[in-house]
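Undergrad: this one's sequence-less:
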């Protein structure tokens, strides 16, 4: 409120209403006039009013009743009232004052007195408003202190922006509070980010170790003459049943009509039908360590897809890292060109589709994931859908594997691959959900390293100089690309904080 | 019974010297005067003291505004009597008020014509 006040005139007699309105307007104030007590209360409840000039004798609801209603309403009781009435008895004036009126004037008042009374009343209102405002801000500061006391240092939750703008001791105190909270919050945020990155890193290593097992195990299965489509079918079926069994036991299984089947068909094609079948086919033709090195392309492809889809901004160093990784793969291809049969070369090229499937799967899962379906349930549905797709293919191609009555090496290998596939898929989805597809795509590097390690340990494969050179190039590429910084939003600066609703 | 030019000039000062607004205020009483006079007479005839008291109060307020002390005093007496619940000469008094109200209206109309619109008699 500046020098101009918002005054409400309440009088049922039109000439007097007009006179009071004109008098307040002549004093430079804004005036609204009404003819009854009821209208006056309605107006005050819906519009800001700084002072009321109130008549007493009015039909239906007189001025005394208006005063009573105002004093009973917390939103109106602070509005000052001057009763202006032609009542001649002193009792009425006393009653009006007792009911909360600030002053009492006869209707044929002196203009000088009227001006003095109205302006004094508005001045008092301004002082009172400032006091109320100050007290409210002190209360806000006290609430902010309570928020800090319980350990919530998010500056946005303190609601101190308005108080921080004050140029007095209260404003200083609010700024001290906000600055301290901002610093602590920032430290906490960095700590949370570090923990998140650390946990993500462990998840990547674990995922790499588990996923790295798949290629050597697949190679072992091919040594047992296992058919690729039959293998893929049984791996999908077993891992799918395990996940769905768990989901049913936990009560997280959605109703069939709640499942987006098209999404799961695409997910199954990328994450199991094509990729797993390819791994089993390729494992019979080329060494497991080579497959593992080729899988490293997933990380690079994930970056490429993410940049193409504008999920992540590409940079020069990342681009250089991509080129180095590709160079590593080309070194492997060169090695295969010079030292292997044309069939192995063909299968090496075919193997390039495996990381492409994984990268596309990661991007798809990151871009859109079915809402309200748990991670294990999601993987379970995907694997069962894959099994349903693979069954007719395995039967039609004569590649169906019929388990022996007495489980042997092949059955054990299938179970191991299913367990590895299940764990890797759940972990992969978990990492994507929490850290993004690009970060999860880094698992490919650990998969490659673990895959080479497993191939050496389980299959006795050896690596020549070219392979080591390829590995070195991809590691350098990994260093240049670096993990994406998955972080929560920065806290707002003190000056930009929004007022938070106070509870 | 007669208006006071001094009272009207004070009103003019109060509203910031705007003749148009003053004319509007006076005209608003002129518009209400006859219904008010009729209301006073009817209330007195029917013995509705509440209504009579309120109508007398309204006329009293306006009479004071325009400086008609005699009419204001008459209205105050009726208002007081109606509050006490005893009005021996209610009809006679209300007739006087009604006449005073109409006179006030005519004087105000003349004032507007003469003082605010610059008409000559």
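TA: That came in fine, so what should we check first? Everything numeric here is computed off the predicted structure, so don't read it as measured data. Residues are numbered from 1 along each chain as shown, chains lettered A, B, ... in the order given.

Undergrad: so who does whichever residue of chain A sits closest to chain B touch?
TA: As assessed by CB to the nearest CB, chain B sits closest to residue A:26 within chain A, at 3.1 Å. (Each C-beta comes from the backbone N, C-alpha and C, glycine too.) Shown in contact with residue A:26 (CB atoms under 8 Å, 6 or more residues apart in numbering or on different chains): B:14-16, B:18.

Undergrad: where are the low-confidence patches of chain B?
TA: Counting by pLDDT under 70, the low-confidence segments of chain B come to B:1, B:87, B:119-121.

Undergrad: now the helices for it?
TA: B:5-14, B:19-46, B:49-65, B:69-84, B:90-111 (DSSP state H).

Undergrad: of those, flag the one that's most buried.
TA: helix B:49-65 (a mean of 24; mean count of other CB atoms under 10 Å in any protein chain shown).

Undergrad: and the angle from that helix to helix B:19-46?
TA: 150 degrees (axes from the mean of the first three to the mean of the last three CA atoms, to 10 degrees).

Undergrad: for chain A, what's its nearest residue on chain B.
TA: For chain B, CB to the nearest CB, closest residue to chain A: residue B:16, 3.1 Å.

Undergrad: per-residue pLDDT, residue A:31?
TA: For residue A:31, the pLDDT comes out at 95.

Undergrad: wait, it touches residue A:7, no?
TA: Yes. Assessed by CB atoms under 8 Å, residue A:31 is found in contact with residue A:7 at 5.1 Å.

Undergrad: whichever strand or helix holds residue A:176: what's the following helix or strand?
TA: If you go by DSSP states H and E, residue A:176 is part of helix A:169-223. Proceeding N to C from helix A:169-223, the next assigned helix or strand is helix A:228-250, under DSSP H and E.

Undergrad: quick one, the helix or strand just after that following helix and helix A:228-250 angle?
TA: Downstream of helix A:228-250, the first helix or strand assigned by DSSP H and E is helix A:261-268. Taking the same axes, to 10 degrees, one finds helix A:261-268 and helix A:228-250 inclined to each other by 130 degrees.

Undergrad: so what touches helix A:261-268?
TA: With CB under 8 Å, 6+ apart, helix A:261-268 has contacts from A:236, A:361, A:364-365, A:368, A:370, A:381-383, A:385-386, A:389.

Undergrad: and what of stretch A:11-22?
TA: Here stretch A:11-22 has contacts from A:9, A:31, A:33, A:35-36, A:53, A:55, A:57-59, A:84, A:107, B:11, B:14-16, B:18, B:21, B:24-26, B:28-29, B:31-32, B:58, B:61-62, B:65, using CB under 8 Å, 6+ apart.

Undergrad: quick one: neighbours of the closest residue to residue A:454 other than its chain neighbours, just the number.
TA: Nearest non-adjacent residue to residue A:454, counting by CB to CB, 6 or more residues apart in numbering or on different chains: residue A:216, 4.4 Å away. By the criterion of other CB atoms under 10 Å in any protein chain shown, residue A:216 has 26 neighbours.

Undergrad: packing partners of the helix holding residue A:176?
TA: Judged by 3 or more CB pairs under 8 Å, 6 or more residues apart in numbering or on different chains; DSSP states H and E, helix A:169-223 is in contact with helix A:111-149, helix A:161-164, helix A:274-283, helix A:288-295, helix A:409-435, helix A:437-441, helix A:443-454.

Undergrad: any chance of a markdown table for those, columns mean neighbour count and mean pLDDT?
TA: Formatted as a markdown table, the helices and strands packed on helix A:169-223 follow (neighbours: other CB atoms under 10 Å in any protein chain shown; pLDDT from 0 to 100):
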| stretch | mean neighbour count | mean pLDDT |
| --- | --- | --- |
| helix A:111-149 | 15 | 88 |
| helix A:161-164 | 20 | 84 |
| helix A:274-283 | 24 | 88 |
| helix A:288-295 | 27 | 78 |
| helix A:409-435 | 20 | 85 |
| helix A:437-441 | 27 | 68 |
| helix A:443-454 | 26 | 76 |
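
Undergrad: mind checking how far the nearest residue to the residue of chain B closest to chain A once chain neighbours are set aside is from residue B:18?
TA: Excluding the flanking residues, the one nearest residue B:16 by CB to CB, 6+ apart is residue A:26, at 3.1 Å. Taking CB to CB, to the nearest Å as the measure, residue A:26 falls 8 Å from residue B:18.
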